[in-house]
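[1] Could you work out the structure for the sequence below:
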Amino acid sequence: MSAREKIAYLKGLLDGLGPVKDEGQNKIFAGLVDALDALSQEVADQGVLIEEQRELYEDLADDCALLDEDLDSLERAFAECSGEVYGDEEDDEDDDEVEDEDAFDESCLSETCSSCGYVFYYQPEEYEEDEALQCPGCGKEFPRQNR
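    Numbers count the residues shown, from 1 in each chain. Below is the predicted model of the structure:
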């Protein structure tokens, strides 16, 4: 028996009891059954929405898989046209990332704003010697630390 069927059964029991000595108690039970009925309806509605979302998710996942296949075939075709071996560039990209990180560490300096404490990086060669820094967090200007 489903939750909705059980609630309908309880409603039938309450209706079949007839007049009770304590009318307040009957109102409480009727209110509880009505609340359970409303909750049951909400759960059923949410179940329908969840199923719709699941179907949309599956459609999107299928579309993404197709796009991935198309992208892979385009990458292979481009590699053939340019004379490269498909798949070798991934190893090169990892090496480039390490080199980029090293270059970043060497060319950028860390600075902490004296007003708000915001920590940011800047490239000193982009600034003149007496030029002040502007905090990206609060916008206040302050002199650079000479390092």
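[2] Which residue ranges of this protein form strands?
    Taking DSSP state E as the test, the strands found in the chain are 109-112, 119-122, 133-134, 141-142.
[3] Among those strands, single out whichever gets nearest to Arg4.
    Each of these has some distance to Arg4 by C-beta to C-beta; the shortest is strand 119-122, at 57.6 Å. Every C-beta, even on glycine, is put in place using the N, C-alpha and C of the backbone.
[4] Strand partners (parallel or antiparallel) of the closest one?
    Sheet pairing here is set by DSSP bridges, and for strand 119-122 it gives strand 109-112 (antiparallel).
[5] For the strand it pairs with, give me every contacting residue.
    For strand 109-112, contacts defined as C-beta atoms under 8 Å, 6 or more residues apart in numbering pick out 118-124, 133, 144-145, 147.
[6] Please verify my assumption that Ala44 contacts Arg4.
    Yes. Using C-beta atoms under 8 Å, Ala44 is in contact with Arg4, at 7.2 Å.
[7] worst-scoring helix or strand of the protein, pLDDT-wise?
    Every helix and strand in the chain was compared by mean pLDDT, DSSP states H and E; the lowest is helix 89-107, with a mean of 58.
[8] looking at it, Ser107 is touching Tyr122, isn't it?
    No. At 9.9 Å, Ser107 and Tyr122 do not qualify as touching, with contact defined as C-beta under 8 Å.
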